[in-house]
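Asker: Generate coordinates for the sequence data below:
(one chain, ligands or ions: 1)
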Amino acid sequence: MSDYARITGTGSFLPEKVLTNQDLERMVDTSDKWISERTGIKKRHIASDDETTCDLAEVAARRALEAAGRVPAEVDLIIIATTTPDKIFPSTACLLQARLGAQGCPAFDVQAVCTGFIYALGIAEKFIRSGSAHCALVIGAEAFSRIVDWSDRSTCVLFGDGAGAVVLEASDEPGLLSTHLHADGRYQHLLHVPCGVSDGLEKLAGKEGKVQMRGNEVFRVAVNTLGRIVDETLEANGLQHSDIDWLVPHQANIRIIQATARKLGMNMERVVVTVDQHGNTSAASVPLALDTAVRDGRIRRGETVLMEAFGGGFTWGSAIMRF
Ligand code: ACO
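Answerer: Numbering: from 1, shown residues only. The predicted structure is shown next:
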């Protein structure tokens, strides 16, 4: 048993290829103005044809291990949150485990779309606090561009690829203070890939194998839900809005991020924003944003950080920590 689970290192990776709003203007009937005003996105990174989710996850994981001063042999749990695994099976976490040479420990994937990293963090926290693991690699990684319909302007402008990772270790000091995970499957049709493996691979190869979203309905639920989860998280810890030093939100849309910041009474200077540079990288977005702000020196040891996400399912969740 351990009192706390604490993030001891962060890492991330973005594929080299960049797709700008101007590039998208040449692909579908859209404009830089529309994308910027409605979403805040300016560009996103796209995995090359031979680059997989595991490739992205591996670089992010190695960077997080280096930052934590750990070697793969010390890792005793690997969880990857992803919607775009390399294979139907084995899990991408197993593929990564073999590459790292960390064999023997449990390794599995978690599917909660954009909330996946928060789910993975919540699961890893429980492994660590119960004494079942001491040093976990928790990763969000996506080659999300593979399930985007590049002829659908209402979705293709939103998403990008990338990976973010943390090393989570047993600690006597805080640490993660709490994680809060939720889902409501009744909303599945508002944001989904309408078919899957059990529908047959032929169907999966067509349009039904790509993301479909009723954007403005998702938007409304996301804003309300994220407001509620912020309150739930603070109440559970007896904290006030003013106790939060940094908000690290899921990076789907700058207007959703601003609405959550308003709810917290937070100046946007205390909110980590990468959506302009990365677009929505689904499960990778929170750990990518966290690593960005840790590495550029904004988020410092001892500060209180609130992470939150919302995504397909619907799923939503939060994690609050003393970094
Ligand atoms: N370029 C130009 N026009 C466009 C584009 C585009 N790329 N896309 C849509 N439009 C048009 C629409 O056709 C519509 O035209 P109409 O009025 O003539 O019918 C108009 O713009 C407005 O469309 P809306 O969908 O109402 O636009 P909205 O302001 O809601 O913005 C957006 C759309 C950006 C998708 C927004 O709704 C949003 O961010 N939704 C939430 C996304 C989200 O948070 N997802 C959750 C995480 S993702 C995951 O889990 C995988």
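Asker: contacts, neighbours, all on C-alpha from now
Answerer: Fine.
Asker: For residue 165, see how far away residue 145 is.
Answerer: Relative to residue 165, residue 145 is positioned 20 Å away (C-alpha to C-alpha, to the nearest Å).
Asker: so who does the closest residue to the ligand within the chain touch?
Answerer: Minimum separation of the chain from the ligand (C-alpha to the nearest ligand atom) falls at residue 311, amounting to 3.1 Å. In this structure, residue 311 makes contact with 112, 113, 114, 115, 191, 282, judged by C-alpha atoms under 8 Å, 6 or more residues apart in numbering.
Asker: run the last query once more with 6 Å
Answerer: Residue 311 makes contacts with 113, 114, 115, as judged by C-alpha atoms under 6 Å, 6 or more residues apart in numbering.
Asker: Residue 221 - that's part of a helix, no?
Answerer: Yes: when classified by DSSP: H, G, I helix; E, B strand; the rest coil, residue 221 is found to be part of a helix.
Asker: From the contacts of residue 311, which land in strands?
Answerer: Cross-referencing the contacts of residue 311 with the strands (criterion: DSSP state E) gives no overlap at all.
Asker: Can I get those residues in JSON lines including pLDDT and neighbour count?
Answerer: Shown next, in JSON lines, are the contacts of residue 311 (pLDDT from 0 to 100; neighbours: other C-alpha atoms under 10 Å):
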{"residue": "113", "pLDDT": "98", "neighbour count": "27"}
{"residue": "114", "pLDDT": "98", "neighbour count": "33"}
{"residue": "115", "pLDDT": "98", "neighbour count": "33"}
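Asker: quick one: which of those residues is nearest residue 199?
Answerer: Of all the contacts of residue 311, residue 199 sits closest to residue 113, with 19.6 Å by C-alpha to C-alpha.
Asker: Helices of the stretch 201-323 of the chain, start to end?
Answerer: 201-204, 215-236, 254-263, 275-278, 285-295 (DSSP state H, counting those that start in this stretch).
Asker: now swap in the stretch 51-200 of the chain and tell me
Answerer: Secondary structure of the stretch 51-200 of the chain (DSSP H, counting those that start in this stretch): helices at 53-68, 92-100, 116-129, 153-156.
Asker: any idea of the angle the third one forms with helix 285-295?
Answerer: Between helix 116-129 and helix 285-295, the angle comes out at 70 degrees (axes from the mean of the first three to the mean of the last three C-alpha atoms, to 10 degrees).
Asker: Start the count at 808 instead of 1 going forward.
Answerer: OK, 808 is where the count begins now, so the last one is helix 923-936.
Asker: List the contacts of helix 923-936.
Answerer: For helix 923-936, the external contacting residues (C-alpha under 6 Å, 6+ apart) are 808, 809, 812, 888, 940, 941, 947, 977, 986, 1090.
Asker: circling back: which of the helices of the stretch 858-1007 of the chain sits closest to residue 1106?
Answerer: Proximity to residue 1106, assessed across the helices of the stretch 858-1007 of the chain by C-alpha to C-alpha, is greatest for helix 860-875 (14.5 Å).
Asker: elements contacting that closest one?
Answerer: strand 811-820, strand 942-949, strand 969-978 (3 or more C-alpha pairs under 6 Å, 6 or more residues apart in numbering; DSSP states H and E).
Asker: Just name the most buried of those.
Answerer: When you average the neighbours per residue for each of the helices and strands packed on helix 860-875 (mean count of other C-alpha atoms under 10 Å), strand 942-949 leads with a mean of 32.
Asker: Partner strands of that strand and their direction?
Answerer: strand 884-888 (parallel), strand 969-978 (antiparallel) (DSSP bridges).
Asker: Turn those strands into JSON lines, including distance to the ligand and mean pLDDT.
Answerer: Formatted as JSON lines, the entries for these read as follows, by distance: least, C-alpha to the nearest ligand atom, whole Å; pLDDT from 0 to 100:
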{"stretch": "strand 884-888", "distance to the ligand": "12", "mean pLDDT": "99"}
{"stretch": "strand 969-978", "distance to the ligand": "14", "mean pLDDT": "98"}
